[in-house]
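Asks: fold the following.
(one chain, ligands or ions: 1)
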Amino acid sequence: MSRKAGRHFLQIPGPSAVPDRVLRAISTQTMDHRGPDFAEVGLRALEGMKSIFRTEQQIFIYPSSGTGAWEAALVNTMSEGDRILMYETGHFATLWMKMAKRLGLAPEFIEGDWRGGADPDRIEARLRADTGHEIRAVCVVHNETSTGSVSPVADVRRAIDAAGHPALLMVDTISGLASIDFRFDEWGVDVAVSGSQKGLMLPPGLSFNAVSEKAFEHGKAGGMRRSYWDWTDMAGPNATGYFPYTPGTNLLYGLNEAIAMLHEEGLDNVFARHARHGAAARAAVRAWGLEVLCRQQGQESGVLTAVLMPEGHSADAFRATTLRHYDISLGNGLSKVADRVFRVGHLGDFNDLMLIATLSGVELGLRRAGVPHRDGGVAAAMDLLGAAAPEELETA
Ligand SMILES: *Cc1c(COP(=O)(O)O)cnc(C)c1O
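Replies: Numbering: from 1, shown residues only. Predicted structure coming up:
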(Lines give C-alpha, C1' and ligand atoms only; values in the text may rest on other atoms or scores of the structure.)
Protein backbone atom coordinates (compact mmCIF):
# COMPACT_ATOMS: atom_id res chain seq x y z
CA MET A 1 0.00 0.00 0.00
CA SER A 2 1.37 3.40 -0.90
CA ARG A 3 1.24 6.18 1.65
CA LYS A 4 -1.73 8.53 1.57
CA ALA A 5 -0.74 12.11 2.35
CA GLY A 6 -2.92 14.26 4.56
CA ARG A 7 -5.44 13.10 7.08
CA HIS A 8 -8.20 10.57 6.54
CA PHE A 9 -11.73 11.96 6.82
CA LEU A 10 -13.69 9.64 9.10
CA GLN A 11 -17.18 10.89 8.25
CA ILE A 12 -19.25 7.91 9.28
CA PRO A 13 -21.87 8.73 11.93
CA GLY A 14 -19.83 7.16 14.69
CA PRO A 15 -17.19 6.40 15.67
CA SER A 16 -16.41 10.08 15.21
CA ALA A 17 -12.91 11.56 15.08
CA VAL A 18 -11.30 11.84 18.52
CA PRO A 19 -9.89 15.28 19.41
CA ASP A 20 -6.19 15.52 20.38
CA ARG A 21 -7.00 16.61 23.94
CA VAL A 22 -8.99 13.42 24.47
CA LEU A 23 -6.29 11.26 22.88
CA ARG A 24 -3.69 12.80 25.18
CA ALA A 25 -5.85 12.25 28.24
CA ILE A 26 -6.30 8.58 27.32
CA SER A 27 -2.59 8.06 26.78
CA THR A 28 -1.65 8.62 30.41
CA GLN A 29 -0.60 5.60 32.49
CA THR A 30 -3.34 3.23 33.64
CA MET A 31 -3.88 3.50 37.39
CA ASP A 32 -5.02 1.15 40.12
CA HIS A 33 -8.79 1.24 39.83
CA ARG A 34 -9.06 0.23 43.49
CA GLY A 35 -6.40 2.65 44.71
CA PRO A 36 -7.05 5.95 46.52
CA ASP A 37 -6.45 8.17 43.45
CA PHE A 38 -9.09 6.49 41.34
CA ALA A 39 -12.06 7.76 43.35
CA GLU A 40 -11.71 11.23 41.91
CA VAL A 41 -11.64 9.92 38.33
CA GLY A 42 -14.70 7.77 38.89
CA LEU A 43 -16.73 10.40 40.71
CA ARG A 44 -15.88 13.05 38.14
CA ALA A 45 -17.05 10.77 35.32
CA LEU A 46 -20.29 9.79 37.06
CA GLU A 47 -21.09 13.37 38.09
CA GLY A 48 -20.02 14.74 34.72
CA MET A 49 -22.30 12.40 32.83
CA LYS A 50 -25.24 13.63 34.91
CA SER A 51 -24.63 17.08 33.49
CA ILE A 52 -24.52 15.68 29.95
CA PHE A 53 -27.74 13.67 30.37
CA ARG A 54 -29.19 16.67 32.24
CA THR A 55 -30.23 14.60 35.20
CA GLU A 56 -29.90 14.53 38.97
CA GLN A 57 -30.62 10.80 38.96
CA GLN A 58 -28.30 7.79 38.61
CA ILE A 59 -25.73 7.08 35.92
CA PHE A 60 -24.09 3.73 35.23
CA ILE A 61 -21.00 3.34 33.06
CA TYR A 62 -20.07 0.02 31.44
CA PRO A 63 -16.89 -1.02 29.65
CA SER A 64 -18.88 -2.10 26.58
CA SER A 65 -20.23 -0.83 23.30
CA GLY A 66 -23.67 0.80 23.25
CA THR A 67 -25.31 -2.56 22.59
CA GLY A 68 -24.36 -3.64 26.11
CA ALA A 69 -26.18 -0.69 27.65
CA TRP A 70 -29.28 -1.57 25.56
CA GLU A 71 -29.20 -4.99 27.21
CA ALA A 72 -28.61 -3.48 30.66
CA ALA A 73 -31.68 -1.25 30.23
CA LEU A 74 -33.90 -4.24 29.42
CA VAL A 75 -32.59 -6.87 31.86
CA ASN A 76 -32.64 -4.55 34.87
CA THR A 77 -36.23 -3.45 34.43
CA MET A 78 -38.19 -6.11 32.55
CA SER A 79 -39.19 -9.69 33.35
CA GLU A 80 -39.37 -12.56 30.91
CA GLY A 81 -42.53 -12.41 28.82
CA ASP A 82 -43.15 -8.70 29.52
CA ARG A 83 -44.79 -6.78 26.69
CA ILE A 84 -42.96 -3.69 25.49
CA LEU A 85 -43.86 -1.19 22.79
CA MET A 86 -41.08 -0.31 20.37
CA TYR A 87 -41.09 1.90 17.28
CA GLU A 88 -39.53 1.05 13.93
CA THR A 89 -37.59 4.19 13.08
CA GLY A 90 -34.81 2.26 11.31
CA HIS A 91 -32.03 -0.29 11.65
CA PHE A 92 -31.06 0.47 15.25
CA ALA A 93 -34.66 0.38 16.50
CA THR A 94 -34.98 -2.99 14.74
CA LEU A 95 -31.82 -4.37 16.37
CA TRP A 96 -33.04 -3.31 19.83
CA MET A 97 -36.38 -5.02 19.13
CA LYS A 98 -34.61 -8.23 18.07
CA MET A 99 -32.51 -8.12 21.23
CA ALA A 100 -35.70 -7.81 23.31
CA LYS A 101 -37.10 -10.92 21.59
CA ARG A 102 -33.92 -12.90 22.21
CA LEU A 103 -34.07 -11.95 25.88
CA GLY A 104 -37.56 -13.46 26.09
CA LEU A 105 -39.58 -10.24 26.06
CA ALA A 106 -42.65 -9.72 23.89
CA PRO A 107 -41.96 -6.57 21.89
CA GLU A 108 -44.69 -5.04 19.79
CA PHE A 109 -43.17 -3.09 16.91
CA ILE A 110 -45.03 -0.07 15.52
CA GLU A 111 -44.16 -0.16 11.83
CA GLY A 112 -42.41 2.83 10.32
CA ASP A 113 -41.13 3.76 6.86
CA TRP A 114 -37.59 4.73 8.01
CA ARG A 115 -38.16 8.29 6.81
CA GLY A 116 -38.96 10.05 10.08
CA GLY A 117 -38.95 9.74 13.87
CA ALA A 118 -41.44 7.99 16.13
CA ASP A 119 -45.02 9.34 15.94
CA PRO A 120 -46.30 10.10 19.48
CA ASP A 121 -49.94 9.95 18.33
CA ARG A 122 -49.59 6.32 17.29
CA ILE A 123 -47.90 5.51 20.60
CA GLU A 124 -50.70 7.24 22.53
CA ALA A 125 -53.39 5.37 20.56
CA ARG A 126 -51.75 2.03 21.28
CA LEU A 127 -51.36 2.82 24.99
CA ARG A 128 -55.00 3.94 25.28
CA ALA A 129 -56.04 0.59 23.81
CA ASP A 130 -53.96 -1.21 26.47
CA THR A 131 -56.60 -0.76 29.18
CA GLY A 132 -55.11 -3.56 31.30
CA HIS A 133 -51.73 -1.79 31.36
CA GLU A 134 -49.89 -4.88 30.15
CA ILE A 135 -47.28 -2.86 28.27
CA ARG A 136 -44.33 -2.37 30.63
CA ALA A 137 -42.19 0.00 28.61
CA VAL A 138 -42.15 2.26 25.57
CA CYS A 139 -38.78 2.21 23.76
CA VAL A 140 -37.74 4.77 21.16
CA VAL A 141 -34.51 5.70 19.43
CA HIS A 142 -33.76 9.40 19.88
CA ASN A 143 -31.42 9.87 16.91
CA GLU A 144 -31.87 7.00 14.43
CA THR A 145 -28.35 6.73 13.04
CA SER A 146 -29.37 4.55 10.08
CA THR A 147 -31.74 7.19 8.66
CA GLY A 148 -30.84 10.61 10.10
CA SER A 149 -34.22 11.13 11.79
CA VAL A 150 -34.89 12.40 15.31
CA SER A 151 -37.80 11.23 17.46
CA PRO A 152 -39.62 13.84 19.60
CA VAL A 153 -38.87 12.29 22.99
CA ALA A 154 -40.65 14.98 25.05
CA ASP A 155 -43.82 14.40 22.97
CA VAL A 156 -43.55 10.65 23.51
CA ARG A 157 -43.54 11.30 27.28
CA ARG A 158 -46.60 13.56 26.86
CA ALA A 159 -48.31 10.79 24.88
CA ILE A 160 -47.67 8.25 27.66
CA ASP A 161 -49.03 10.70 30.26
CA ALA A 162 -52.02 11.64 28.11
CA ALA A 163 -52.93 7.96 27.92
CA GLY A 164 -52.58 7.74 31.71
CA HIS A 165 -50.26 4.78 31.21
CA PRO A 166 -47.64 3.62 33.76
CA ALA A 167 -45.13 2.19 31.18
CA LEU A 168 -41.48 3.16 31.57
CA LEU A 169 -40.00 5.38 28.86
CA MET A 170 -36.69 4.02 27.56
CA VAL A 171 -34.66 5.98 25.04
CA ASP A 172 -31.64 5.01 22.95
CA THR A 173 -29.66 8.24 22.68
CA ILE A 174 -26.43 6.50 21.71
CA SER A 175 -25.86 8.87 18.80
CA GLY A 176 -28.02 11.76 20.04
CA LEU A 177 -26.36 12.55 23.37
CA ALA A 178 -23.96 15.50 23.35
CA SER A 179 -24.93 16.37 19.76
CA ILE A 180 -28.63 17.14 19.89
CA ASP A 181 -30.78 18.35 22.79
CA PHE A 182 -31.52 15.67 25.36
CA ARG A 183 -33.06 16.30 28.80
CA PHE A 184 -33.43 13.20 30.90
CA ASP A 185 -35.19 14.75 33.91
CA GLU A 186 -37.23 17.43 32.16
CA TRP A 187 -38.53 14.97 29.55
CA GLY A 188 -39.38 12.32 32.13
CA VAL A 189 -37.20 9.59 30.64
CA ASP A 190 -36.85 6.46 32.81
CA VAL A 191 -33.85 4.79 31.19
CA ALA A 192 -31.54 6.37 28.63
CA VAL A 193 -28.85 4.42 26.78
CA SER A 194 -25.72 5.95 25.28
CA GLY A 195 -22.23 5.17 24.03
CA SER A 196 -18.82 6.83 23.94
CA GLN A 197 -17.97 6.93 20.24
CA LYS A 198 -20.51 9.38 18.81
CA GLY A 199 -21.22 12.82 20.26
CA LEU A 200 -18.96 12.21 23.24
CA MET A 201 -15.92 12.21 20.91
CA LEU A 202 -14.28 9.15 22.49
CA PRO A 203 -13.14 5.91 20.94
CA PRO A 204 -15.64 3.03 21.20
CA GLY A 205 -15.69 1.12 24.48
CA LEU A 206 -17.84 2.88 27.07
CA SER A 207 -21.61 2.76 27.38
CA PHE A 208 -24.06 4.44 29.71
CA ASN A 209 -27.42 4.10 31.38
CA ALA A 210 -29.14 7.07 32.97
CA VAL A 211 -31.78 5.66 35.31
CA SER A 212 -34.79 7.26 37.00
CA GLU A 213 -35.71 6.35 40.57
CA LYS A 214 -38.78 4.57 39.25
CA ALA A 215 -36.70 2.42 36.89
CA PHE A 216 -34.11 1.70 39.59
CA GLU A 217 -36.89 0.49 41.91
CA HIS A 218 -38.07 -1.85 39.12
CA GLY A 219 -34.52 -3.16 39.00
CA LYS A 220 -34.25 -3.74 42.73
CA ALA A 221 -37.57 -5.56 42.88
CA GLY A 222 -37.31 -7.62 39.71
CA GLY A 223 -35.95 -7.66 36.23
CA MET A 224 -34.36 -10.69 34.63
CA ARG A 225 -31.51 -12.99 35.55
CA ARG A 226 -28.43 -10.87 35.16
CA SER A 227 -24.98 -10.45 36.60
CA TYR A 228 -22.55 -8.26 34.66
CA TRP A 229 -25.24 -5.64 33.90
CA ASP A 230 -26.78 -5.46 37.36
CA TRP A 231 -27.42 -1.86 38.43
CA THR A 232 -27.53 -2.62 42.15
CA ASP A 233 -24.04 -4.20 42.00
CA MET A 234 -22.84 -0.97 40.39
CA ALA A 235 -24.62 1.45 42.68
CA GLY A 236 -22.75 0.41 45.83
CA PRO A 237 -19.14 1.00 44.71
CA ASN A 238 -20.21 3.91 42.43
CA ALA A 239 -21.24 5.91 45.50
CA THR A 240 -17.54 6.42 46.32
CA GLY A 241 -16.30 6.52 42.71
CA TYR A 242 -15.45 2.84 42.30
CA PHE A 243 -16.75 -0.01 40.15
CA PRO A 244 -17.56 -3.66 40.93
CA TYR A 245 -15.16 -4.85 38.20
CA THR A 246 -12.36 -3.26 36.20
CA PRO A 247 -13.70 -0.13 34.49
CA GLY A 248 -12.36 1.24 31.20
CA THR A 249 -9.84 3.28 33.16
CA ASN A 250 -8.14 5.10 30.28
CA LEU A 251 -11.42 5.76 28.50
CA LEU A 252 -12.66 7.35 31.73
CA TYR A 253 -9.69 9.76 31.61
CA GLY A 254 -10.79 10.60 28.08
CA LEU A 255 -14.43 10.91 29.14
CA ASN A 256 -13.57 13.47 31.82
CA GLU A 257 -11.65 15.51 29.25
CA ALA A 258 -14.50 15.28 26.72
CA ILE A 259 -17.06 16.39 29.32
CA ALA A 260 -14.85 19.38 30.18
CA MET A 261 -14.60 20.28 26.47
CA LEU A 262 -18.36 20.06 25.99
CA HIS A 263 -18.90 22.46 28.91
CA GLU A 264 -16.18 24.84 27.72
CA GLU A 265 -18.09 25.16 24.46
CA GLY A 266 -21.48 25.07 26.21
CA LEU A 267 -23.93 22.23 25.56
CA ASP A 268 -26.46 24.50 23.89
CA ASN A 269 -23.75 25.81 21.57
CA VAL A 270 -22.78 22.24 20.74
CA PHE A 271 -26.40 21.52 19.79
CA ALA A 272 -26.65 24.72 17.70
CA ARG A 273 -23.43 23.81 15.87
CA HIS A 274 -24.76 20.37 14.97
CA ALA A 275 -28.13 21.77 13.85
CA ARG A 276 -26.41 24.32 11.64
CA HIS A 277 -24.17 21.70 10.04
CA GLY A 278 -27.17 19.47 9.43
CA ALA A 279 -28.97 22.32 7.68
CA ALA A 280 -25.91 23.06 5.52
CA ALA A 281 -25.50 19.40 4.58
CA ARG A 282 -29.17 19.21 3.53
CA ALA A 283 -28.78 22.40 1.48
CA ALA A 284 -25.93 20.68 -0.38
CA VAL A 285 -27.99 17.54 -1.00
CA ARG A 286 -30.91 19.56 -2.37
CA ALA A 287 -28.60 21.57 -4.64
CA TRP A 288 -27.16 18.32 -6.02
CA GLY A 289 -30.75 17.37 -6.91
CA LEU A 290 -30.57 14.35 -4.58
CA GLU A 291 -32.99 13.39 -1.83
CA VAL A 292 -32.52 13.36 1.95
CA LEU A 293 -33.88 10.11 3.42
CA CYS A 294 -35.66 11.86 6.32
CA ARG A 295 -38.74 13.62 4.96
CA GLN A 296 -40.35 14.73 8.22
CA GLN A 297 -39.79 18.45 8.50
CA GLY A 298 -38.24 19.34 11.83
CA GLN A 299 -37.07 15.78 12.50
CA GLU A 300 -33.92 15.93 10.36
CA SER A 301 -30.81 15.08 12.33
CA GLY A 302 -27.90 17.38 13.08
CA VAL A 303 -25.71 14.30 13.61
CA LEU A 304 -25.77 12.83 10.13
CA THR A 305 -27.50 13.14 6.78
CA ALA A 306 -28.58 10.01 4.89
CA VAL A 307 -28.77 10.60 1.14
CA LEU A 308 -30.80 8.48 -1.30
CA MET A 309 -28.90 7.43 -4.41
CA PRO A 310 -30.56 8.01 -7.78
CA GLU A 311 -32.36 4.89 -9.06
CA GLY A 312 -29.96 2.38 -10.63
CA HIS A 313 -26.85 3.65 -8.83
CA SER A 314 -25.06 1.78 -6.06
CA ALA A 315 -24.37 3.72 -2.88
CA ASP A 316 -21.65 1.24 -1.92
CA ALA A 317 -19.84 1.61 -5.25
CA PHE A 318 -20.02 5.39 -4.77
CA ARG A 319 -18.58 5.11 -1.25
CA ALA A 320 -15.77 2.91 -2.53
CA THR A 321 -14.93 5.58 -5.12
CA THR A 322 -14.84 8.39 -2.57
CA LEU A 323 -12.64 6.31 -0.26
CA ARG A 324 -10.22 5.34 -3.01
CA HIS A 325 -9.81 8.78 -4.53
CA TYR A 326 -10.44 11.19 -1.68
CA ASP A 327 -9.63 9.16 1.45
CA ILE A 328 -12.99 9.81 3.07
CA SER A 329 -15.11 7.17 4.81
CA LEU A 330 -18.86 7.71 4.40
CA GLY A 331 -21.48 5.61 6.23
CA ASN A 332 -23.18 2.74 4.42
CA GLY A 333 -26.89 2.01 4.11
CA LEU A 334 -27.98 -0.57 6.70
CA SER A 335 -30.34 -3.54 6.09
CA LYS A 336 -33.53 -2.20 4.40
CA VAL A 337 -31.67 0.68 2.76
CA ALA A 338 -28.42 -1.21 2.03
CA ASP A 339 -26.75 0.14 -1.11
CA ARG A 340 -29.63 2.65 -1.47
CA VAL A 341 -28.27 5.39 0.78
CA PHE A 342 -24.95 6.74 1.94
CA ARG A 343 -24.62 8.60 5.24
CA VAL A 344 -22.58 11.70 5.91
CA GLY A 345 -21.59 12.07 9.56
CA HIS A 346 -21.23 15.67 10.85
CA LEU A 347 -20.97 15.00 14.56
CA GLY A 348 -18.53 15.38 17.40
CA ASP A 349 -15.44 17.55 17.17
CA PHE A 350 -16.36 19.21 13.91
CA ASN A 351 -16.33 22.71 12.37
CA ASP A 352 -17.40 24.61 9.26
CA LEU A 353 -14.28 23.89 7.23
CA MET A 354 -14.42 20.20 8.08
CA LEU A 355 -18.01 20.14 6.82
CA ILE A 356 -17.05 21.93 3.61
CA ALA A 357 -14.18 19.51 3.04
CA THR A 358 -16.51 16.58 3.70
CA LEU A 359 -19.15 17.84 1.29
CA SER A 360 -16.41 18.53 -1.28
CA GLY A 361 -15.38 14.89 -0.96
CA VAL A 362 -18.96 13.87 -1.68
CA GLU A 363 -19.30 16.22 -4.65
CA LEU A 364 -15.98 15.12 -6.14
CA GLY A 365 -17.06 11.52 -5.61
CA LEU A 366 -20.40 12.08 -7.37
CA ARG A 367 -18.49 13.39 -10.39
CA ARG A 368 -15.87 10.66 -10.32
CA ALA A 369 -18.44 7.86 -9.94
CA GLY A 370 -20.65 9.26 -12.70
CA VAL A 371 -23.67 9.70 -10.43
CA PRO A 372 -26.22 12.03 -12.07
CA HIS A 373 -26.39 15.26 -10.08
CA ARG A 374 -26.18 19.04 -10.43
CA ASP A 375 -23.08 21.00 -9.43
CA GLY A 376 -23.24 23.52 -6.63
CA GLY A 377 -23.93 21.50 -3.47
CA VAL A 378 -20.81 22.71 -1.71
CA ALA A 379 -21.55 26.27 -2.83
CA ALA A 380 -25.07 26.02 -1.38
CA ALA A 381 -23.67 24.81 1.93
CA MET A 382 -21.16 27.68 1.94
CA ASP A 383 -23.98 30.17 1.28
CA LEU A 384 -25.84 28.88 4.30
CA LEU A 385 -22.77 28.82 6.56
CA GLY A 386 -21.66 32.25 5.38
CA ALA A 387 -25.06 33.88 5.80
CA ALA A 388 -25.54 33.06 9.48
CA ALA A 389 -22.76 33.73 11.94
CA PRO A 390 -22.34 30.60 14.03
CA GLU A 391 -24.33 31.04 17.22
CA GLU A 392 -21.57 29.44 19.20
CA LEU A 393 -19.27 32.35 18.31
CA GLU A 394 -21.84 35.00 19.24
CA THR A 395 -22.52 33.60 22.67
CA ALA A 396 -19.03 32.41 23.55
C1 LIG B 1 -24.13 3.22 17.26
C2 LIG B 1 -25.53 2.96 17.68
C3 LIG B 1 -25.92 1.77 18.32
C4 LIG B 1 -24.98 0.63 18.55
O5 LIG B 1 -23.97 0.95 19.40
P6 LIG B 1 -22.65 0.05 19.47
O7 LIG B 1 -21.72 0.91 20.25
O8 LIG B 1 -22.22 -0.21 18.06
O9 LIG B 1 -23.00 -1.20 20.19
C10 LIG B 1 -27.24 1.64 18.73
N11 LIG B 1 -28.14 2.62 18.51
C12 LIG B 1 -27.81 3.75 17.87
C13 LIG B 1 -28.86 4.78 17.64
C14 LIG B 1 -26.51 3.95 17.44
O15 LIG B 1 -26.18 5.08 16.79
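
Asks: how about the strands of the stretch 201-350 of the chain, start to end?
Replies: In the stretch 201-350 of the chain, the strands defined using DSSP state E, counting those that start in this stretch lie at 207-211, 291-292, 304-308, 328-332, 341-345.

Asks: format these as JSON lines; extra columns: mean neighbour count.
Replies: Every residue, glycine included, has its C-beta placed from N, CA and C. Rendered in JSON lines, the data for those read as follows (neighbours: other CB atoms under 10 Å):
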{"stretch": "strand 207-211", "mean neighbour count": "28"}
{"stretch": "strand 291-292", "mean neighbour count": "18"}
{"stretch": "strand 304-308", "mean neighbour count": "28"}
{"stretch": "strand 328-332", "mean neighbour count": "20"}
{"stretch": "strand 341-345", "mean neighbour count": "26"}
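
Asks: for residue 110, which of these is the nearest?
Replies: Relative to residue 110, the nearest member of the strands of the stretch 201-350 of the chain by CB to CB is strand 304-308, separated by 20.6 Å.

Asks: now do the contacts for residue 30.
Replies: Listed by CB atoms under 8 Å, 6 or more residues apart in numbering, the contact set of residue 30 reads 249, 250.

Asks: got the phi/psi numbers for it?
Replies: Geometry field for residue 30 lists phi and psi as phi -60, psi 140, criterion degrees, to the nearest 10.

Asks: which residues does the closest residue to residue 314 other than its chain neighbours contact?
Replies: Leaving out its chain neighbours, the residue that sits closest to residue 314 by CB to CB, 6 or more residues apart in numbering is residue 339, at 5.4 Å. Residues counted as contacts of residue 339 (CB under 8 Å, 6+ apart) are 309, 314, 315, 316, 332, 333.

Asks: make sure residue 140 is indeed in a helix.
Replies: No - secondary structure assignment (DSSP: H, G, I helix; E, B strand; the rest coil) places residue 140 in strand, not in a helix.

Asks: per-residue confidence at the residue lying closest to residue 250 once chain neighbours are set aside?
Replies: If the residues on either side of it in the chain are set aside, residue 250 comes closest to residue 26, at 4.8 Å by CB to CB, 6+ apart. Looking at residue 26, its pLDDT stands at 98.

Asks: now do the contacts for residue 26.
Replies: With contacts defined as CB under 8 Å, 6+ apart, the neighbours of residue 26 are 203, 250, 251, 253, 254.
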